[in-house]
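A.B. asks: here's a sequence, model it:
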Amino acid sequence: MNIRNVDLNLLVYLNVLIDEKSVSKAANKLALTQPAMSNALKRLRDLFDDPLLVRAAGSMTPTAKALALKPEVEALLKMAEAITQPSEQFNPTTAEVTFRIMANDYIESTLIAPFITAQLSKNPGINFDVLSPSDVNLQDMEKGTIDLAINRFNGLPRSFHQASVWRDNYCCLTHPKNTFLQQSGLDDYLKKEHIWVNRAGWGPEAAVTNKSGKQKLGWVDEALWQLEQTRKIRVFTRHYMVASLLCQSEQLIATLPRRQAKLLTSHTDLVISPVPFQIVPIEVKMIWSPLLHHAPAHQWLRRELLAFAKTIADR
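C.D. replies: The predicted structure is shown next:
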């Protein structure tokens, strides 16, 4: 028997026919006409090569074959019903789940950490595994082993879903005694010594150079290159917290996203000042695999994170 040639609705009819032991009662229960149910019984008899129901003592009696099929048909129908039921709604208060999120320390400190803190008491079964960009590669994302990657991305495969988290402007972070605060023009900026901090995308970081091949570039240096200028970089780092520690020196400037800088000034005596040239605001995005797009738990995570990010963006 080729399953492709079988109308599985016939199993629904067979189950009711065995229960009701009557073509007319079975037809009435399934809101079918009696001729339609009689035709279904004929097809069932052909399918199983057995009469299935025979008239005896004025009623229809299931054959041994029908009685043997009954539990198997019921199990199959229950399985089909379970498969075709809508997915259960995700309940974060009772769920037991671990979300794996990739983020650099800028996003980790400004978004992920406060978001996790907000979940701890109200959703006790939700856990988080936060990974750095070097822990994750493209294949991890494609397979859905990482729930979300949140960062600035230079390019993304078209297969990934994405959403914008926020846009952020740059500012300068310095020690309060840094003389740049008294003279803060472009020439003054270029005379100072700088901390380079940048980390986009994922995976091991390849060496990146500017057009002259002499120094590594990020958004800040690309903006300076457009002005045919370069700055003197004394320290390269991929960690924003390290940049704040280095800014305890009165001679260094870190040019950082404003949300990160504001967070760092809340724990130190460092101060924020404007950047003396135009830098295109950075756009932070979250991306995820199409394999996870329709999962109720994942939909909840995306919705909650984006809503939480908006409360930070509006501050």
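A.B. asks: all contacts plus neighbour counts: C-alpha atoms, from now on.
C.D. replies: OK.
A.B. asks: now do the lengthiest helix in the chain: distance to the chain's middle.
C.D. replies: Ranked by number of residues, the top helix in the chain under DSSP state H is helix 64-84. How far helix 64-84 lies from its chain's middle: 38 Å, per CA atoms, centre = their mean, to the nearest Å.
A.B. asks: what's it packed up against?
C.D. replies: helix 9-20 (3 or more CA pairs under 8 Å, 6 or more residues apart in numbering; DSSP states H and E).
A.B. asks: may I see the buried residues of the helix or strand just after the helix it packs on?
C.D. replies: Later in the chain than helix 9-20, the nearest helix or strand by DSSP states H and E is helix 23-29. Across helix 23-29, burial judged by 16 or more other CA atoms under 10 Å covers V23, S24, K25, A26, A27.
A.B. asks: same thing with stretch 111-131?
C.D. replies: Result for stretch 111-131 [16+ other CA under 10 Å]: buried residues L111, I112, F115, I116, N123, I126, N127, V130, L131.
A.B. asks: surely the first one is in a helix?
C.D. replies: In this case it means L111. Yes - assessed by DSSP: H, G, I helix; E, B strand; the rest coil, L111 belongs to a helix.
A.B. asks: wait, doesn't it sit right on K310?
C.D. replies: No - L111 lies out of contact with K310 (CA atoms under 8 Å); the separation is 10.1 Å.
A.B. asks: which outside residues touch the helix or strand that the longest helix of the chain is followed by?
C.D. replies: Where DSSP H and E defines the elements, the next helix or strand beyond helix 64-84 is strand 97-103. Under the contact criterion CA atoms under 8 Å, 6 or more residues apart in numbering, strand 97-103 has outside partners 125-133, 136, 145-151.
A.B. asks: at 10 Å instead, please
C.D. replies: For strand 97-103, contacts defined as CA atoms under 10 Å, 6 or more residues apart in numbering pick out 108-109, 111-112, 124-136, 141, 144-152, 199-202, 286-288, 297-298, 301.
A.B. asks: strand partners of that strand, parallel vs antiparallel please.
C.D. replies: Each strand paired with strand 97-103, and its direction, by DSSP bridges: strand 126-131 (parallel), strand 148-151 (parallel).
A.B. asks: point out where the stretch 151-300 of the chain drops to low pLDDT.
C.D. replies: For the stretch 151-300 of the chain, the stretches flagged by pLDDT under 70 are 199-216.
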